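Trainee: Sequence first, then the predicted structure:
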Amino acid sequence: MTNGCRLCEIYKAASDPALASQVEMLIKGIPKEEKTSDTEYARRLDICGMCDKLSGNTCLSCGCFVELRAAKSDSHCSRKKW
């Protein structure tokens, strides 16, 4: 077990080529009644896309994978942007 910084671990995870397909599978597994609408999902991702804390598909503020967080209707931005 390492005691590396959290930011380094986030960057390492974000560069994993298998990550996108894993996130996609998780999103597909969210029950329909718990998913955001396509419009809301796109709106949330647009907001994340303009944020200075976005690195690839990872939020450097909280460490989440933005596509996954944006897909759940009861989720919110840790920076209160949506």
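Mentor: Sure, I can see it.
Trainee: residues near residue 41, how many?
Mentor: 17 (other CB atoms under 10 Å). Every C-beta, even on glycine, is put in place using the N, C-alpha and C of the backbone.
Trainee: quick check, it in a strand?
Mentor: No. Per DSSP: H, G, I helix; E, B strand; the rest coil, residue 41 lies outside any strand segment and is helix.
Trainee: in stretch 55-70, what's buried?
Mentor: Neighbour-count burial for stretch 55-70, counted by 16 or more other CB atoms under 10 Å, picks out 57-60, 64-70.
Trainee: In strands, which of those residues appear?
Mentor: Among the buried residues of stretch 55-70, DSSP state E puts 58-59 in strands.
Trainee: Kindly reformat the buried residues of stretch 55-70 as TSV containing pLDDT and distance to residue 45.
Mentor: Formatted as TSV, the buried residues of stretch 55-70 follow (pLDDT from 0 to 100; distance: CB to CB, whole Å):
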residue	pLDDT	distance to residue 45
57	84	10
58	86	13
59	92	12
60	90	16
64	89	13
65	89	11
66	92	7
67	91	7
68	92	11
69	95	10
70	96	5
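Trainee: The buried residues of stretch 55-70 into CSV, with extra columns for distance to residue 35?
Mentor: Converted to CSV, the buried residues of stretch 55-70 look like this (distance: CB to CB, whole Å):
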residue, distance to residue 35
57, 18
58, 21
59, 19
60, 25
64, 16
65, 15
66, 15
67, 12
68, 11
69, 12
70, 10
